[in-house]
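> okay, predicted coordinates and the sequence, questions at the end:
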Protein chains: 2
Amino acid sequence: MLDPRKLHLLRELAQRGTIAAVAEAVTFTPSAVSQQLSALEREAGVPLLERTGRTVTLTPAGRLLVEHAQAVLEQLERASAALAAARGGPSGPLRVGAFPTAARVLLPPALAELSGAHPALEPMISEIDPADVSAALRAGELDVALVHEYDFVPPVTDASLETEPLFSEPMYLTNRTSIGEARDEPWITSTPGTLCYAMAIRACQAAGFEPRVRHHIDDYDTVLAFAAAGQGVALVPHLAALAPPQGVTLAALPLNRRTLAAFRRGYGEHPAVRAAVAAFHAAITRLPL
Amino acid sequence: MLDPRKLHLLRELAQRGTIAAVAEAVTFTPSAVSQQLSALEREAGVPLLERTGRTVTLTPAGRLLVEHAQAVLEQLERASAALAAARGGPSGPLRVGAFPTAARVLLPPALAELSGAHPALEPMISEIDPADVSAALRAGELDVALVHEYDFVPPVTDASLETEPLFSEPMYLTNRTSIGEARDEPWITSTPGTLCYAMAIRACQAAGFEPRVRHHIDDYDTVLAFAAAGQGVALVPHLAALAPPQGVTLAALPLNRRTLAAFRRGYGEHPAVRAAVAAFHAAITRLPL
DNA sequence: GTCGAGCTTAAGCTCTCCTGATGCTCGCCG
DNA sequence: CGGCGAGCATCAGGAGAGCTTAAGCTCGAC
């Protein structure tokens, strides 16, 4: 019988590309991952990995098996979720990932809602950039996460994950009325590697220029303070700009940010995950959108 | 992560009812099965088995998990089948179960067909009564089996198995023209515990009497020889009665026997299984039906 | 009341699997 | 062209999972 643990490693390899990266993701040594994949290959009776130079790539058979691995692991998630449901109402630890703005604006009311409805549930929040969410969910470090996606930035598609849209909000530009007008201004963006950074760069590129980035600030309150101090222009989402400081004007752009809940495919039936998503929806109805 | 090996044991328990029977099926000791199921229960966090007296029954949560186990194991079968397909054409050992008449009439041409088309395939035949086929398939002792089912005998429904109809044939009665006419005759049936035995009894009961069974003979050639010797009446299927001996007349009854191919759900995509079923179909077109 | 079927628990042993160390290949770069 | 580091495989060793044997417990049948 094929071992789902090995199938999981194969799926991670398909996502991450190197055995070393897989090992880091599952906190094994590369040696262990290599041995497990070799054993899987032996059982499969067909080469799954091609040793090309100092790296490995999946063979067609390997990619085929990844798809089946996905189906198997998804069924296992469903089984786990069913067991959690059989245990009764939502209870126990629930690891939630959230990007900073959500953590500040959406989570407080959502957590109040959640704790009120399900006292046995113990939500644990981790701030995490949406770009890192897929890996954390797949690795089992998170159960559910709040992520966002922007126009211009292609949404992360991961066959092992499922998303549920929560809401959409417009983006604002500080102290200018259009992106083209801000062409020669210094820019304040998030730190490189985050989704917000990519969004700002792409938005400027779409307007026909490469932004001159002077400051890298992730916290939008700080961003607005910098903007008020004349340090540059920035793109901020509606929820982060409910109370702009003196000296900052905001212009709505034809650019939206969508917030979604993400979880492992099949795990959405877990009662705790269902409860969390329901609490997100409930909290959203009370947001000033 | 839930362990499919444990899930398999739970599914077997749902089918067989006792831990001892599961242990025998998988050639473990009852102790090992008990420990595995206890571990599964611990991981599940909810009681799966109820110790009632000296036996165990599944709790509702246990039955729920069995359904999910079924889905998981089916996906694993699919993955195995896909790997076998990736290995190339059908090759290697293929364990085939067949009831005696099929082994004699259908298998020789089917095996010739199969070996001609796929020389690398090594079919291994085991004679087995259809009543035992489910267990052997689930336990992985067989890859594909020829089974039959009769009117009056409810077909075995096993969620983990899949069947494909092959053909249907009429049943004949020896030396009488209707079952009612044979009410007071001694009967020749198969040995108790087989499907054919159950069929004969049920057919007589449907005609309103309990047959007086004198001989228990499984081989239909011998049955016909006994009938020719005036030792009693018997029900024989068309394919077993192509050349009745002197002294035996046959009367077709409104009673049919259907022959099917059976295999583990999801495993029908295995190239060797596909090839075998195709060979069965090809051989059937040349049968005198 | 006795026996036996069925399940569990405890002890021991085997085998799997992970770690750490070593060695290899290959791409990069001076 | 040679050194270096990234990436992977292999080997030896230790810890843990899992099976077997043996013993004990419970309950139903006779």
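That came through, no problem.

> longest single helix anywhere in chain A?
helix A:60-86 (DSSP state H).

> now do the buried residues in that one.
A:61-62, A:64-66, A:68-86 (16 or more other Cβ atoms under 10 Å in any protein chain shown). Heads up, the C-betas are built off the backbone N, CA and C, glycines and all.

> how about the residues of the stretch 51-200 of chain A by chain B?
Taking Cβ under 8 Å from any Cβ of the partner chain as the measure of proximity, the stretch 51-200 of chain A contacts chain B at A:60-61, A:64-65, A:68-69, A:71-72, A:75-76, A:78-80, A:82-84, A:86-87.

> make it 10 Å
Residues of the stretch 51-200 of chain A that fall close to chain B, judged by Cβ under 10 Å from any Cβ of the partner chain: A:59-62, A:64-65, A:67-88, A:91-92, A:140.

> ok so A:Lys6 is a strand residue?
No: counting by DSSP: H, G, I helix; E, B strand; the rest coil, A:Lys6 is located in no strand; its state is helix.

> how far away is it from DNA strand D?
Per Cβ to the nearest atom of the strand, to the nearest Å, A:Lys6 is found 13 Å from DNA strand D.

> wait, that residue sits on A:Leu40?
Yes: the pair A:Lys6 and A:Leu40 qualifies as a contact (Cβ atoms under 10 Å) at a distance of 4.1 Å.

> what residues are shared contacts of those two?
Shared contacts of A:Lys6 and A:Leu40, defined by Cβ atoms under 10 Å, 6 or more residues apart in numbering or on different chains, comprise A:Leu65, A:Ala69.

> quick one on the thing from earlier: DNA strand D next: which of the buried residues of helix A:60-86 are close?
Restricting those to those touching DNA strand D (Cβ under 7 Å from any atom of the strand) yields no residues.

> ok, A:Leu239 - contacts?
Taking Cβ under 10 Å, 6+ apart as the test, what A:Leu239 contacts is A:101-102, A:104-106, A:167, A:169, A:220, A:257, A:259, A:287-289.

> from the residues you listed, which land in strands?
Secondary structure from DSSP state E places A:Phe167, A:Glu169, A:Arg257, A:Thr259 of the contacts of A:Leu239 in strands.

> get me the contact residues on the stretch 51-200 of chain A for DNA strand C.
The stretch 51-200 of chain A comes close to DNA strand C at residues A:Gly53, A:Arg54, as judged by Cβ under 7 Å from any atom of the strand.

> distance of the residue in the stretch 1-150 of chain A positioned nearest to DNA strand D relative to A:Gly268?
Nearest to DNA strand D in the stretch 1-150 of chain A, going by Cβ to the nearest atom of the strand, is A:Ser34, at a distance of 3.0 Å. As judged by Cβ to Cβ, to the nearest Å, A:Ser34 and A:Gly268 stand 33 Å apart.

> which residue is the nearest non-sequential neighbour of the most far-flung residue of chain A relative to its centre?
The outermost residue of chain A, judged against the average C-alpha position, is A:Gly45 (36.2 Å), by Cα atoms, centre = their mean. Nearest residue to A:Gly45, sequence neighbours excluded (Cβ to Cβ, 6 or more residues apart in numbering or on different chains): B:Arg87, at 5.4 Å.

> and that neighbour, backbone torsions?
phi -70, psi -10 (degrees, to the nearest 10).

> can you pull the contacts of it?
Applying Cβ under 10 Å, 6+ apart, we find B:Arg87 in contact with A:Ala44, A:Gly45, A:Val46, A:Ala61, B:Pro271, B:Ala272.

> again, but for A:Ala79
Listed by Cβ under 10 Å, 6+ apart, the contact set of A:Ala79 reads A:266, A:269, B:1-2, B:4, B:7, B:44, B:64-65, B:67-72.

> hmm, back to that, ok, now how distant is the residue farthest from the centre of chain A from DNA strand C?
Using Cβ to the nearest atom of the strand, one obtains 16 Å as the distance from A:Gly45 to DNA strand C.

> from memory that residue sits against B:Ala82, does it?
No: using Cβ under 10 Å, A:Gly45 is not in contact with B:Ala82, being 11.9 Å away.

> so what sits against both of the two?
A:Ala61.

> which residues of the stretch 1-150 of chain A score low on pLDDT?
For the stretch 1-150 of chain A, no stretch has pLDDT under 70.

> residue ranges for the helices of the stretch 1-150 of chain A, please.
A:4-16, A:19-25, A:30-44, A:60-86, A:100-105, A:107-117, A:130-138 (DSSP state H, counting those that start in this stretch).

> let's have those helices in TSV, adding distance to A:Tyr150.
TSV is the format used below for these (distance: least, Cβ to Cβ, whole Å):
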stretch	distance to A:Tyr150
helix A:4-16	22
helix A:19-25	26
helix A:30-44	34
helix A:60-86	27
helix A:100-105	13
helix A:107-117	21
helix A:130-138	10
